[in-house]
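S.K.: Could you look at this predicted model? Sequence included:
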Amino acid sequence: MWAALEQMAPDDPRRGVLRDELITMHLPLVHHLARRYRDRGEDMDDLVQVGTVGLIKAIDGFDPSRGLELSTYATPTILGEIKRHFRDRTWALHVPRRLQVLQAQVTECSDRLTLELHRAPTVRELAAALEVSEADILDALDARTAYAADSLHGTPDDDSIPSALSTLGSMDEGFESIDDRETLRPLIEALPDRERAILQMRFFQGMSQSQIAEALGISQMHVSRLLARTLASLRDGMAQG
């Protein structure tokens with residue numbers, strides 16, 4: 001079926017039919033993965049709906065030339081959508097409404113300014129566009145960072161999803177074998193606002209050092225030094241803990 005889909009022209013009306021068939025064929029996988037989360041207080045139908053979004057994303061982004069089965073490729077994407085659903089719900093419950101609204105505005109404004117400026121906007125530019133203080137912008141970023149610290153470690157069900165901590169470990173050897181992950185959370189929360197923001201942008205948003213530099217209005221070299229100092233501080237804290 002996938003071979004037939006690849007041979008069709010992008011505007012071939014049969015593509016939509018085959019795509020729908022692929023989605024239907026793999027819905028049992030969504031149900032199977034959603035059942036892992038059935039004891040967390042969410043309606044099973046809602047979890048299946050969220051997981052189906054992940055399935056559709058996986059089908060649309062699947063490249064058979066990589067040698068993977070579609071089910072293998074789709075599994076982490078489906079789990080990722082379900083996990084994000086729980087993270088977003090936790091965010092809504094534990095972060096003040098004012099910061100939730102501001103964080104959403106910052107995200108939308110950042111996307112818009114990036115298109116207009118052809119680069120990531122600075123904190124000052126975001127503050128001017130939203131008519132708030134730079135401190136408010138940093139508070140919004142900080143709220144998401146503090147929440148993201150709760151997501152440093154996955155549940156046993158999420159082994160197929162790379163955690164932010166595993167990403168951090170792949171970029172810094174000092175974090176490759178952390179056993180007590182709870183120790184890292186208060187260390188991150190104790191960092192100064194700017195260092196927490198840099199850590200969040202680098203490891204949770206996947207931004208490059210140059211993008212971070214543009215966002216904060218500082219040089220890339222300064223970002224590199226701050227990041228190195230922050231990671232060293234976390235390593236020392238882990239060693240002492």
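M.R.: In hand now; what should we look at? Numbering: from 1, shown residues only.
S.K.: helix/strand/coil for Asp12?
M.R.: Look at Asp12: counting by DSSP: H, G, I helix; E, B strand; the rest coil, its state is coil.
S.K.: Give me the phi and psi for it.
M.R.: Phi and psi for Asp12, reported as degrees, to the nearest 10, are phi -70, psi 120.
S.K.: who's in contact with Val48?
M.R.: Residues near Val48 by Cβ atoms under 8 Å, 6 or more residues apart in numbering: 27, 30-31, 34. All C-beta spots, glycine's among them, are computed from the backbone N, C-alpha and C.
S.K.: Setting the sequence-adjacent residues aside, check what's closest to it.
M.R.: Setting aside the residues directly before and after it, Val48 is nearest to Ala34 in space (Cβ to Cβ, 6 or more residues apart in numbering), at 5.0 Å.
S.K.: Mind naming the longest helix for this protein?
M.R.: Secondary structure of the chain per DSSP state H: the longest helix is helix 70-94.
S.K.: now it: how far from the chain's centre is it?
M.R.: Distance of helix 70-94 from its chain centroid, counting by Cα atoms, centre = their mean, to the nearest Å, is 10 Å.
S.K.: Show me what counts as buried in it.
M.R.: Going by neighbour count (16 or more other Cβ atoms under 10 Å), the buried part of helix 70-94 is 70, 73-83, 85-86, 91.
S.K.: try stretch 131-139
M.R.: Of the residues in stretch 131-139, 132, 136-139 count as buried by neighbour count, 16+ other Cβ under 10 Å.
S.K.: which one of the contacts of Val48 has the most neighbours?
M.R.: Val30 (25 neighbours; other Cβ atoms under 10 Å).
S.K.: Contact partners for that residue?
M.R.: 48, 51-52, 54-55, 78.
S.K.: What separation is there between it and Arg40?
M.R.: To Arg40, Val30 is 16 Å away according to Cβ to Cβ, to the nearest Å.
S.K.: likewise Leu226?
M.R.: Separation of Leu226 from Arg40 (Cβ to Cβ) stands at 37 Å.
S.K.: Comparing the two, which residue is more hemmed in?
M.R.: When Leu226 and Arg40 are compared for neighbours, Leu226 comes out ahead with 21 against 12, by other Cβ under 10 Å.
S.K.: Give me the pLDDT for the more buried one.
M.R.: On pLDDT, Leu226 comes in at 87.
S.K.: Going by neighbour count, which residues in the helix or strand harbouring it are buried?
M.R.: Here Leu226, judged by DSSP states H and E, is contained in helix 220-240. If you call a residue buried by 16+ other Cβ under 10 Å, then helix 220-240 has these buried ones: 223, 226-227, 230-231, 234-235, 237-238.
S.K.: Redo the residues you listed as CSV? Include distance to Gln211.
M.R.: Shown next, in CSV, are these (distance: Cβ to Cβ, whole Å):
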residue, distance to Gln211
Val223, 9
Leu226, 14
Leu227, 13
Thr230, 17
Leu231, 18
Leu234, 21
Arg235, 24
Gly237, 27
Met238, 27
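S.K.: Let me know the closest of those to Ser210.
M.R.: The closest of the buried residues of helix 220-240 to Ser210 turns out to be Val223 (Cβ to Cβ; 8.0 Å).
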